[in-house]
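# here you go, sequence then predicted model.
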Amino acid sequence: MRAAHRIAWLILALICVAPLAPAWAAQPYADRVREKVLPNGLKILLLEDHKAPVGVFQVWYRVGSRNEQLGRTGLSHLLEHLMFKGTLKTGPEEYSKIIQRNGGNDNAFTADDATTYFATLASDRLSVVIDLEADRMHNLTFDEAQFTPEQHVVMEERRLRTDNNPVSALFEQVSAAAYAAHPYQWPTIGWMDDIRQATREDALAYYRTYYIPGNAVVVCVGDFSADALLKQIDTAFAPVPLGTPPPRVRAIEPPQQGERRTVLRRQAQLPFVAIAYHVPNLSSQDGAALEVLAAVLAGGKSARLHQQLVYEKRIAHDVGTSYELTSIDPGLFIVYAGPLPGQPVSVLEHELLAQVDRLQRTAVGPQELTKAKNGLEASFVLGQDSLFYQALLLGQYEIAGDWRRIDTYVPSIRAVTADDLQRVATFYLTPSNRTVGTLEPLPVPAGTAAPPEAPPSGIVH
Amino acid sequence: MARRNAKGKSGRNPTFDFCTLTFAFCLALVAPARAGSPPAERRTLPNGAQLIVSEQHALPMVVVQILVDAGSRRDPIGKEGLAGLTADLLTEGTKARTASQISEVTDFIGASLDTSAETDYASLSLTVLRDQLDTGLSLLTDILLHPTFPDAEVTRRREAALATMKEEEDDPSKVAERAFVASLFRGEPYGHLVIGTPDAVRRLTRKDLMSFYNQYYHPERSIITVAGDITAADIASRVQADLQAWPRGSAAPFEYPAISPPHPETLTIEKPITQANIVLGQRGIARDNPDYYALTVMNFILGGGGFTSRLLDNIRTKGGLAYSVASMFTVNKAPGSFQVVMQTKNESANDALQRACSEVERIRREPVTDDELAGAQLYLTGSFPLRLDTISKIASFLTQVEFYNLGANYADTYAQRINAVTKEDVMRVAQQHLHPDQMELVVVAGLSQAKVPSTAPCPSP
């Protein structure tokens, strides 16, 4: 084994001589994206990419679960569903029917910071989605007969995603425990009773408040002429009235001053542990270092968590990190592990913390640092294969502040040093700043009935 | 290993609505419009392997896929999971490299190198920046030709597979899928999931893997597809040289045994959950069945077409009973399955089930409308360019076309075949291939609340 390792270093030394070349000298997004803001406030970002006769059209509204309040959680997402219920011109569910008849796919998703609607079509059909999106930006209409079934659909979605999935339920509890003051504490889909109690009037009022052109961004990437497309978009969206700027979110999460722990006890086959730290996002110099740190820990099978917990020690089966560079407000850096059967969750927690400790005490070596950066850079380049991914990047960066920051991603990753990694690990990944969540399985007794659909019992903050 | 978005996003559609279960089904939705077949050069290597090369110069990246006739249909009785574990182990050690060296080099060049088995085949795939293609190809060739299946690595991956299966007991949709497949294809090569069964996997040894590899990993029925920023002549001579030492084998082409008559059963599985997971289905067709195109249209109208499909309209939009409901044919080399899959709260399980039965019955008894037929044909033919808008999708498409012998002009003839389908064809194939009185039913739910018929899930009309 020792000899084998030595050979590994020889091979790697050879590769090291020629690290991942300046593989891709692509033009910056800033030189390729056409930006325009219409008089009604709508921002438009267009990127020509002619490799396939296809276009991706997305509308991003600057509203998500971040804009909600306790007792009204999940409203952003419920409204996303209702946006397909028709307008003064189109009937319920006609949107998707029209897109499909034009050979397109459509869908939508809601997150903390934004709600996004998208369609992918042959690029000569883009006018179809442009007209539909302009229409439903101000003409949405639905009655109780459409509202109530959709509310039940969303409750089924919550059962599917969270209530019947122990690990998802744990992540929900970790966020709920990690934040005291900020809306990132509740799940985007909302708490079950909030979904149940939402009304048609709630949804319509929310729509009128947030769905205005000045609160939206249109992103389109694909095989079109930006000049011509801009004219079409302008014509379609110009009639949408200006509206009043929506209220801004004021909540700021105060610094955490001591470890928080949350335990989820429910029926499950295996335990799970997730440790979350409050960290800054791309608006901080430290964002890039945290991005690289996440890759050092979990950027592949050779990264530390897999090598140590899965491969060497054989205690874990599923390991990883979660960190989002693009967000409006500061988010969480999460390390997590699911054990192999028979391994207690306490051992996993200890090992995850040992990995954090190692990052603080010992500088990451040059080989390992280069590998982490190579992985991030390659993912960024390979991601350009997808029109959808490019549109997603533009939307995410714009929601988080400015789409032009995409161009700083690769340079900022390249600039990260081993000292930076050690510094951010030491500064942010501290005991006082962490929330530890564990899933503790209760045995599944044979022949038991389902639990009542209440918040899961046994949650300890 | 993984990067997870812990907070997650909630969306309108389950992302798996359109392409579920198998690659082959996704192909069902591939329809040509004006784009036609991607450029491809085909040749047979001296050792019998098929090589397909498609030059795509939009991005400095390359995708390589290798299909080998070593899928789980080849698992011997009592060794269910052998094909899957063998594919897993390819990356875990060769004559020249340890498992750690393979993952280290892969991660260092920012590539992804994946191996897996499906029912009909095993596949190896490499995605890599062009500048790192040499290193990537060396790794790929090495793991294909010289895997050593070290004992310690076999133990690790066996434990991981067992842990995955344990974890999947908490995933009701997986529990339902496993039970459905085992019941429908009982005693047949398709009668188990690729990952196998815990009992069988626990007993698999290095010797089993070596022997499976030696028997089935040979070039004569293999397909190698390279798509990306390469020149066809260069890559062909490189691949040919690399694979020169790959010897032909002696395994006979696979023959699926005689299919026994249907033996429909209703299986109910108790879980302490709030939502019932329902699979209703029966034997489907093989990919070479001439009714494939009419069935594709029929299934789109019944439950494959998302929001325009009858099942979704009835059960989700009108009933508010489910977030996700779809029907699908899994088409393989031998006849696969037809399934209606949905999730609904325990209490409405029977309501949703009866609605599904009545829609299956209706499409057998009444012609579809002109509007429905046109909608299906417009989508299936018009969405073709979307299926070929990335290099990865092009590589998969070319590989699948070759594997299922669809012909080099497949993309150019698909629209014509779909457009030739008539309302009478739709009703004929529904009557011929859907048999409500022979449906299997699997329900995973809190059974005290989820009441379903104990036999004959779909009542005779």
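Done, it's in.

# going by C-alpha atoms from here, please, whenever you check contacts or count neighbours.
Noted.

# pLDDT weak spots in chain B?
Residues of chain B meeting the criterion pLDDT under 70: B:1-35, B:461.

# the strands in it, which residues?
B:2-3, B:10-11, B:41-44, B:50-55, B:61-68, B:112-117, B:122-129, B:223-228, B:266-270, B:275-283, B:325-330, B:337-345, B:440-445 (DSSP state E).

# same question, chain A
Under DSSP E, chain A gives strands at A:33-37, A:43-48, A:54-61, A:105-110, A:115-122, A:216-222, A:260-267, A:272-279, A:316-322, A:331-339, A:434-442.

# the first one pairs with which strands, and in what direction?
To tie it back to what came earlier, the one meant is strand A:33-37. According to DSSP bridges, strand A:33-37 forms sheet pairs with strand A:43-48 (antiparallel).

# partner residues bridging A:Asn105?
Bridge pairing for A:Asn105 - DSSP bridges - gives A:Thr120.

# count the residues that sit near it.
20 (other Cα atoms under 10 Å in any protein chain shown).

# ranges for the helices of the stretch 1-150 of chain A?
Using DSSP state H, counting those that start in this stretch, the helices of the stretch 1-150 of chain A run over residues A:2-17, A:29-32, A:75-82, A:94-101, A:126-138, A:144-158.

# tell me which of these is the most buried.
Comparing these by mean neighbour count (mean count of other Cα atoms under 10 Å in any protein chain shown), helix A:75-82 comes out on top with a mean of 25.

# surely B:Glu80 touches B:Gly191?
No: proximity of B:Glu80 to B:Gly191 does not meet the contact threshold set by Cα atoms under 8 Å, at 9.3 Å.

# neighbour-wise, which of those two wins?
Set side by side, B:Glu80 and B:Gly191 show more neighbours around B:Glu80, with 26 against 21, by other Cα under 10 Å.

# roughly how far apart are the more buried one and chain A?
Separation of B:Glu80 from chain A (Cα to the nearest Cα, to the nearest Å): 21 Å.

# thinking again about what came up before, could you dump the helices of the stretch 1-150 of chain A to a markdown table with mean pLDDT?
Shown next, in a markdown table, are those (pLDDT from 0 to 100):
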| stretch | mean pLDDT |
| --- | --- |
| helix A:2-17 | 37 |
| helix A:29-32 | 96 |
| helix A:75-82 | 98 |
| helix A:94-101 | 96 |
| helix A:126-138 | 98 |
| helix A:144-158 | 96 |
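
# okay, now A:Arg34: neighbour count?
16.

# again, but for the one 5 residues further on
When counting by other Cα under 10 Å, one arrives at 13 neighbours for A:Pro39.

# list the contacts of the nearest residue to it once chain neighbours are set aside.
If the residues on either side of it in the chain are set aside, A:Pro39 comes closest to A:Ala238, at 7.6 Å by Cα to Cα, 6 or more residues apart in numbering or on different chains. Residues in contact with A:Ala238 (Cα atoms under 8 Å, 6 or more residues apart in numbering or on different chains) are A:Leu38, A:Pro39, A:Asn40.

# surely the last one touches A:Pro245?
It stands for A:Asn40. No: contact criterion Cα under 8 Å: A:Asn40 and A:Pro245 do not qualify, at 11.2 Å.

# what do those two both touch?
What both A:Asn40 and A:Pro245 touch, as defined by Cα under 8 Å, 6+ apart, is the set A:Gly214.

# quick one: closest of the strands of chain A to B:Asp75.
Across those, B:Asp75 has its closest neighbour in strand A:316-322 (24.7 Å, Cα to Cα).

# and the angle for the closest one with strand A:331-339?
Relative orientation of strand A:316-322 versus strand A:331-339 (axes from the mean of the first three to the mean of the last three Cα atoms, to 10 degrees): 170 degrees.

# who does strand A:316-322 pair up with?
Counting by DSSP bridges, the strands paired with strand A:316-322 are strand A:331-339 (antiparallel), strand B:2-3 (parallel).

# and the angle for it with strand A:272-279?
20 degrees.

# for strand A:316-322, what is the average pLDDT?
The average of the pLDDT scores along strand A:316-322 is 96.

# just stretch A:381-400 next, same as before
96.

# return the residues of the stretch 251-400 of chain A in contact with chain B.
A:267-270, A:298-303, A:305-306, A:311, A:314, A:317-324, A:334, A:340-341, A:370-372, A:374-379, A:382, A:384-387 (Cα under 8 Å from any Cα of the partner chain).

# for residue 366, give me its contacts.
In the absence of a named chain, chain A is used. Residues in contact with A:Pro366 (Cα under 8 Å, 6+ apart) are A:Ala418.

# not what I meant, chain B
Listed by Cα under 8 Å, 6+ apart, the contact set of B:Glu366 reads B:Met427.

# in the stretch 151-300 of chain B, which residue sits nearest chain A?
Among the residues of the stretch 151-300 of chain B, B:Pro272 lies closest to chain A, at 4.1 Å counting by Cα to the nearest Cα.

# I'd assumed B:Ala445 was in contact with that residue.
Yes: using Cα under 8 Å, B:Pro272 is in contact with B:Ala445, at 7.1 Å.

# which one's more surrounded, those two?
Set B:Pro272 next to B:Ala445 and count neighbours by other Cα under 10 Å: B:Ala445 wins out with 30 against 24.

# quick one: the more buried one from A:Asp193, how far?
Note on B:Ala445: its distance to A:Asp193, by Cα to Cα, to the nearest Å, is 22 Å.

# now swap in A:Arg136 and tell me
Applying Cα to Cα to A:Arg136 and A:Asp193 gives a distance of 28 Å.

# pick the one among the contacts of A:Ala238 closest to B:Thr91.
A:Leu38 (53.3 Å).

# just list the residues touching A:Tyr61, thanks.
A:Ala114, A:Thr115, A:Thr116, A:Tyr210, A:Tyr211, A:Asn215, A:Ala216, A:Val217.

# my read is that the first one contacts A:Trp60, right?
To tie it back to what came earlier, the one meant is A:Ala114. Yes: the criterion here is Cα under 8 Å, and A:Ala114 meets it with A:Trp60 at 6.5 Å.

# OK, contacts around the closest residue to A:Gln422 other than its chain neighbours?
Spatially, and ignoring its direct neighbours in sequence, A:Gln422 is nearest to A:Gln360 (5.2 Å; Cα to Cα, 6+ apart). For A:Gln360, the contacting residues are A:Gln422, A:Arg423, A:Ala425, A:Thr426, by Cα under 8 Å, 6+ apart.
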